[in-house]
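Enquirer: I'll drop the sequence and a predicted model, then ask my questions.
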Amino acid sequence: MSQYVGMQSIVYDKPPYITEVASVVGKKEGDGPIGHLFDKISDDDKFGKDNWDEAESEMQRQTLEVLLNKAAMTPAQIRYIYAGDLLGQLIATSYGVMDYNIPLFGLYGACSTFGEAMALGSMAVAAGYANHIVAMASSHFCSAEKQFRFPLEYGNQRPLSATWTVTGCGAAVISAEPSIIEKRDIAKRKVHIKGITTGKIVDYGVKDSMNMGAAMAPAACNVISQNFKDLSIDESYYDLIITGDLGEVGKEIVIDLVKKEGYDISRVYSDCGIRIYDEVIQDTHSGGSGCGCSAVTFCAQIYKKIMDGKLNRVLFVPTGALLSPISFNEGRSVPGIAHGIIIEAEN
Amino acid sequence: MDDNVKKINDDMRNKEYNEYVKEVTPTHNTLMNCIHAFIAGGIICVIGQIFTDVYMNFGVDKETAGLYTTLSLIAVSVILTGLNVYPSIVKWAGAGALVPITGFANSVAAPAIEFKKEGWIFGVGCKIFTIAGPVILYGILSSFVLGLIYFTFGLI
């Protein structure tokens, strides 16, 4: 039977399982509202390294270490790793995963990378090309500021719509079988990826790189409403629909846009960028952003809530703004993309 | 023909969307920003005046004291940049701290610190003026133009 449904979605015949997750973050994220949920918080944003790019690689390396320890697995058991970051030529990923000797697919989906990695990884597992894969994505505030904005010590005023790049790396093991270790079956719920809805590039001509929530909201709206249409469901199917890093501004817009498509998601909708920081205390303005934002929020909070039985059906929609520093200087718009992952607990 | 219709529709949609985004996006309070800038800019000027008076007390003539003051303000700004204090000042003061020479010094010192890791030539050497470069280039250009005008009027 064909597994693709509608225009942009897949529903797996044999859904792959998310068997373990790990998250490593910087100090600011550790101080945030979900700080107690992360596996590892580094007090040193340089992660003991000499510069920001190396720090991000080290953060990825540590995340993989924590993940494999938690899963009690060796690198040799991981067939592929699907990973990415925000830096030019994916340099943080290349150095980050190098020592593990795991075959790598390096991905760039801006801040939606974790969704892209989960989508492609789950496809490989569902197709029988791998037993276990790792999906991973990272971002680092300092390396991202340096590449996309200004040097750290440069004084400027951030607009209220600006988001704060998360220093963090999240990773998940996706497996063909529900559990890696037998005894875990008793304590743990089985969480599978029922399917995916892959986003297309949606560009409504927003040119303000300091308002990425507005640039990405149409892409998120497209994936969410397409997911409903493809699967012939509506918002009541999910306990939670959560986007990656739209922030306060994008949240308002996406609810409005999806309403125009005929669905009212305001009751079940949230955004990782809003959850990770306390805007009032931490002065982050619109919220968190970056590949790490959706990755660590999912791994630390959402996965745990599904495990604890507080959530059963989640539509996880990491969002990305596909701009480059060059395209921005050329006065071009900020194209958006989103990747929908349908995550469900088996009862 | 269909392509044209689609393009017009897209442009309409984008225009409407951008107007809508403008409506829902919060902005800084301009009046408050102006007041902050007024206070901060004033304080920097007072500090400058104190420097000048002190130098003149040491018997330096007014013009030289002014040059010393400029150098002192730059030094203070660079030190505060190195201590990562200057960004916090600008966050509150806005243009009040960006427009004076202290802001210019910050815009040169910050890339120097950031890009030092990329080496003295390709890092600091190439990138130190990434922010200040335009100010220098167009500053020189406009003084050249003004000089030409001044020269022409002098001939008449």
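Expert: That came in fine, so what should we check first?

Enquirer: residues in contact with A:R61?
Expert: Taking Cβ atoms under 8 Å, 6 or more residues apart in numbering or on different chains as the criterion, A:R61 is in contact with A:96-97, A:99-100. C-beta coordinates here come from the backbone N, C-alpha and C atoms, glycine included.

Enquirer: What's the end-to-end length of stretch A:85-98?
Expert: 14 Å (Cα to Cα, to the nearest Å).

Enquirer: Now rank the contacts of A:R61 by neighbours and give me the top one.
Expert: Highest neighbour count within the contacts of A:R61: A:G96, with 27 neighbours (other Cβ atoms under 10 Å in any protein chain shown).

Enquirer: Can you tell me which residues in the stretch 51-200 of chain A are near chain B?
Expert: Residues of the stretch 51-200 of chain A found near chain B (Cβ under 8 Å from any Cβ of the partner chain) are A:51, A:146, A:150-161.

Enquirer: Which of the residues you listed are buried, as a PyMOL select command?
Expert: Typed into PyMOL, the line below selects the buried ones among those, using 16 or more other Cβ atoms under 10 Å in any protein chain shown:
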select buried, chain A and resi 146+150+151+153+154+155+156+157+158+159+160+161
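
Enquirer: Cross-reference the residues of the stretch 51-200 of chain A next to chain B with the helices and report the matches.
Expert: Of those, the ones assigned to helices by DSSP state H are A:K146.

Enquirer: tell me the two of the residues of the stretch 51-200 of chain A next to chain B that are most distant?
Expert: Based on Cβ to Cβ, the longest span within these runs between A:N51 and A:L160 and measures 30.6 Å.

Enquirer: circling back to that earlier point, which one of the contacts of A:R61 sits closest to A:E344?
Expert: Among the contacts of A:R61, A:V97 lies closest to A:E344 (Cβ to Cβ), at 28.8 Å.

Enquirer: which stretches of the chain aren't confidently modelled?
Expert: Unless you meant another one, I'm taking chain A. For chain A, the stretches flagged by pLDDT under 70 are A:1, A:180-187.

Enquirer: let's do chain B instead
Expert: B:1.

Enquirer: Can you tell me which helices and strands the helix ranked longest in it packs against?
Expert: Of all the elements of type helix in chain B, the one with the most residues (DSSP H) is helix B:30-57. Packing partners of helix B:30-57 (3 or more Cβ pairs under 8 Å, 6 or more residues apart in numbering or on different chains; DSSP states H and E): helix B:62-82, helix B:86-93, helix B:95-98.

Enquirer: Point out the most buried one among those.
Expert: Highest mean neighbour count of the helices and strands packed on helix B:30-57: helix B:95-98, a mean of 22 (counted as mean count of other Cβ atoms under 10 Å in any protein chain shown).

Enquirer: which is the next helix or strand following it?
Expert: Where DSSP states H and E defines the elements, the next helix or strand beyond helix B:95-98 is helix B:101-114.

Enquirer: who touches that following helix?
Expert: Against helix B:101-114 from outside (Cβ under 8 Å, 6+ apart): A:146, A:150-155, B:44, B:70, B:73-74, B:76-78, B:80-82, B:86, B:90, B:97-98, B:124, B:127-132, B:135.

Enquirer: again, only this time at 6 Å
Expert: Contacting residues not belonging to helix B:101-114 are listed as A:146, A:151, A:153-155, B:73-74, B:77-78, B:81, B:86, B:97, B:124, B:127-128, B:130-132 [Cβ atoms under 6 Å, 6 or more residues apart in numbering or on different chains].

Enquirer: Tell me which of the helices and strands packed on helix B:30-57 lies nearest to chain A.
Expert: Counting by Cβ to the nearest Cβ, chain A lies closest to helix B:86-93 out of these; the figure is 2.8 Å.

Enquirer: OK, contacts around the residue nearest to A:Y108 when sequence neighbours are not counted?
Expert: Residue nearest to A:Y108 in three dimensions, not counting chain neighbours: A:G84, with 5.4 Å by Cβ to Cβ, 6 or more residues apart in numbering or on different chains. Contact analysis of A:G84 by Cβ under 6 Å, 6+ apart lists A:90, A:93, A:107-108, A:113, A:137.

Enquirer: buried ones in stretch A:116-127?
Expert: Going by 16+ other Cβ under 10 Å, stretch A:116-127 has these buried residues: A:116-126.

Enquirer: before we move on, back to that, orientation of the longest helix of chain B relative to helix B:101-114 in degrees?
Expert: Using axes from the mean of the first three to the mean of the last three Cα atoms, to 10 degrees, the direction of helix B:30-57 lies 100 degrees away from that of helix B:101-114.

Enquirer: nearest spatial neighbour of the residue in the stretch 51-200 of chain A that chain B sits nearest to, skipping sequence neighbours?
Expert: Per Cβ to the nearest Cβ, A:G155 is where the stretch 51-200 of chain A lies closest to chain B, at 2.8 Å. Spatial nearest neighbour of A:G155, chain neighbours left out: B:V90 (2.8 Å); criterion: Cβ to Cβ, 6+ apart.

Enquirer: Please list all residues in contact with that neighbour.
Expert: Residues near B:V90 by Cβ under 6 Å, 6+ apart: A:155, B:97-98.

Enquirer: can you list those in JSON lines and add distance to B:M56?
Expert: Listed next are these as JSON lines, based on distance: Cβ to Cβ, whole Å:
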{"residue": "A:G155", "distance to B:M56": "30"}
{"residue": "B:A97", "distance to B:M56": "25"}
{"residue": "B:L98", "distance to B:M56": "28"}
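
Enquirer: which among those residues gets closest to A:G331?
Expert: Nearest to A:G331 among the contacts of B:V90: B:L98, at 23.3 Å, using Cβ to Cβ.

Enquirer: mind giving me the domain split of chain A?
Expert: A:16-175, A:190-346 (automatic domain parsing).

Enquirer: Any chance of CSV for these, columns distance to B:L148?
Expert: Shown next, in CSV, are these (distance: least, Cβ to Cβ, whole Å):
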stretch, distance to B:L148
domain A:16-175, 34
domain A:190-346, 31
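
Enquirer: quick one: is the strand ranked longest in chain A near chain B?
Expert: Counting residues, the longest strand in chain A under DSSP state E turns out to be strand A:336-346. No: on the criterion Cβ under 6 Å from any Cβ of the partner chain, strand A:336-346 is out of touch with chain B, staying 11.6 Å away.

Enquirer: how far out from the middle of the chain is that strand?
Expert: Relative to its parent chain, strand A:336-346 has a centroid offset of 10 Å by Cα atoms, centre = their mean, to the nearest Å.

Enquirer: Mind listing residues that contact it?
Expert: A:112, A:115-116, A:118-119, A:189-191, A:193-197, A:199, A:201-202, A:215-216, A:219-220, A:223, A:227, A:306, A:312-322.

Enquirer: tell me which parts of chain B are close to chain A?
Expert: With Cβ under 6 Å from any Cβ as the criterion, chain B meets chain A at residues B:14, B:17, B:21, B:24-26, B:81, B:84, B:86-87, B:90, B:94, B:106, B:110-111, B:113-114, B:117.

Enquirer: buried subset of those residues?
Expert: Among the residues of chain B next to chain A, the ones that count as buried (16+ other Cβ under 10 Å) are B:14, B:17, B:21, B:24-25, B:81, B:86-87, B:90, B:94, B:106, B:110-111, B:113-114.

Enquirer: For A:T319, grab the count of nearby residues.
Expert: With other Cβ under 10 Å as criterion, A:T319 counts 34.

Enquirer: what residues are up against it?
Expert: By Cβ under 6 Å, 6+ apart, the contact set of A:T319 is A:112, A:216, A:220, A:243-244, A:246, A:338.

Enquirer: most surrounded residue in the residues you listed?
Expert: Within those, most neighbours by other Cβ under 10 Å means A:M216, with 37 neighbours.
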